[in-house]
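# Everything below, folded, please.
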Amino acid sequence: MHGVHVVGGSNPLAPTITPRFHYPSTMSTEMSTSKSGPTDYFGLTIPFLDYLGVVPEHAVGGKSRISVDLRPELENSFHVAHGGLIMTLLDFAMAAAVRSSADHPLGAITIDMTTSFLRPTVGKIVVEGNTLKSGKVINYCEAVVLNEAGEITAKASGSFTLRR
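Residues are numbered from 1 along each chain as shown. The predicted structure is shown next:
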């Protein structure tokens with residue numbers, strides 16, 4: 001029919017979509033790494049960050065730094081870092097910065113977060129978080145995403161409360 005290969009459904013004009021990556025029918029929910037046990041994210045175990053391959057570099061004195069090597073499964077359809085990945089990294093970097101400013105062993109809870117995407121992010125992703133103001137209940141932070149050239153590709157600000 002009009003040179004279109006029908007792959008199912010009732011629409012004979014639906015195009016055949018060939019995925020860029022082949023995913024096995026039974027995807028593992030665990031990263032295949034050589035490390036043993038979960039990663040220590042500044043005193044917390046966060047399976048989702050482990051799954052993404054996030055590397056905790058430091059969190060001290062209201063500042064934090066994390067990184068991740070971009071892999072194809074973390075990209076969007078434009079073959080750059082997915083916005084959800086970037087927002088996750090910004091959120092965690094700010095929360096880690098807040099926890100380090102208060103030397104708080106429990107997690108931080110995001111109250112709000114505003115993100116700006118400045119340019120596409122590819123390659124190794126580094127995120128730096130910074131506590132702007134620590135309050136008794138609400139803490140204000142910012143974070144930036146840096147590409148391999150050291151350019152800011154995204155930034156966020158947010159407010160957090162510490163888990164009690």
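# how many neighbours does the residue nearest to residue 155 when sequence neighbours are not counted have?
Excluding its sequence neighbours, the residue lying closest to residue 155 (Cβ to Cβ, 6 or more residues apart in numbering) is residue 144, at 4.8 Å. For every residue, glycine as well, the C-beta is placed using N, CA and C. Residues lying near residue 144 (other Cβ atoms under 10 Å) number 18.
# now swap in residue 123 and tell me
Using other Cβ under 10 Å: residue 123 sits among 12 other residues.
# Distance-wise, check it relative to residue 153.
Residue 123 is 10 Å from residue 153, where distance means Cβ to Cβ, to the nearest Å.
# residue ranges of the strands in the chain, please?
Counting by DSSP state E, the chain has strands at residues 55-60, 63-69, 108-117, 124-134, 139-146, 152-162.
# Give me the mean pLDDT for the fourth one.
Looking at strand 124-134 alone, the average pLDDT works out to 97.
# Show me which positions of it end up buried.
For strand 124-134, the buried set under the neighbour-count rule, 16 or more other Cβ atoms under 10 Å, comprises 125, 126, 127, 128, 129, 130, 131, 132, 134.
# got a pLDDT number for residue 102?
Note on residue 102: pLDDT of 87.
# burial count for it?
With other Cβ under 10 Å as criterion, residue 102 counts 14.
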